[in-house]
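A.B. asks: Give me a model of this one.
(one chain, ligands or ions: 1)
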Amino acid sequence: MQTMVSRPLRQLHRLRKRRTEYDVHTSIMKIQIINGPNLNLLGLREPEIYGGQSFEACLGKLQAAYPAVTLTLYQSNVEGELINKIQEAGYGSDGIILNAGGYTHTSVAIRDAIKAVPAPVVEVHISNVYAREDFRHHSMLSAVCRGVIAGFGLDSYRLALEALLEANKK
Ligand code: CA2
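C.D. replies: Numbers count the residues shown, from 1 in each chain. Okay, here's the model as predicted:
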């Protein structure tokens, strides 16, 4: 008897199958980094808060230090595009490192997207948001993330990656 499976469910099964096959043949983990609004300006503006390095330079060093991980970067200033990427990577990768920028403090929709996907999401901030304005002290996202790392400059991304690798061993 043929069972009826809806299209989204079929896509989900296919993604899960592909991921399992991938894991059997290689030990490479796929980690998606997602940067939100204005983070494309890193290295160009406000170096006293965000440092003087571009994210691309940071990513190059991180990838070289972790050859067993495939890191991919996505940046958008558009909330809906960030949600699309969270949905895609949330089913197609082993983990997400997310700096949602200013949307961290406002976005119910990004929170819902994180909650809806199986991949673990680590919330990351370059600056120590708790040492800044009060409105940065609350995150809409933290409660649905695997964990939060803030305040270590661009090294926050490496720490998030370490956390995901460690969590994957358990
Ligand atoms: O510290 C972080 O990583 C933040 O997520 C950065 C956001 C801010 O709204 C959060 O409260 C904390 C802002 C990103 C803006 O990035 C810029 C980078 C260079 C120059 C100007 C802005």
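A.B. asks: does any part of whichever strand or helix holds E48 sit near the ligand?
C.D. replies: For E48, the element it lies in under DSSP states H and E is helix 47-50. Yes - Helix 47-50 reaches the ligand (C-beta under 6 Å from any ligand atom) through Y50. In this view, the C-beta of every residue, glycine as well, is placed from N, C-alpha and C.
A.B. asks: What of stretch 62-76?
C.D. replies: No - judged by C-beta under 6 Å from any ligand atom, stretch 62-76 and the ligand are separated, with a smallest distance of 10.5 Å.
A.B. asks: in that stretch, what's buried?
C.D. replies: For stretch 62-76, a neighbour-count test (16 or more other C-beta atoms under 10 Å) marks L62, Y66, V69, L71, L73, Y74, Q75, S76 as buried.
A.B. asks: From the ligand, how far out is the first one?
C.D. replies: Looking back up the chat, that one is L62. From L62 across to the ligand, the span is 16 Å (C-beta to the nearest ligand atom, to the nearest Å).
A.B. asks: other SSEs contacting whatever helix or strand that residue lives in?
C.D. replies: Element membership of L62 [criterion: DSSP H and E] is helix 55-65. Counting contacts by 3 or more C-beta pairs under 8 Å, 6 or more residues apart in numbering; DSSP states H and E, helix 55-65 is packed against strand 69-75, helix 155-169.
A.B. asks: what's that helix in contact with?
C.D. replies: Residues outside helix 55-65 that contact it (C-beta atoms under 8 Å, 6 or more residues apart in numbering): 33, 35, 39-40, 42-43, 69, 71, 73, 75, 154, 157-158, 161.
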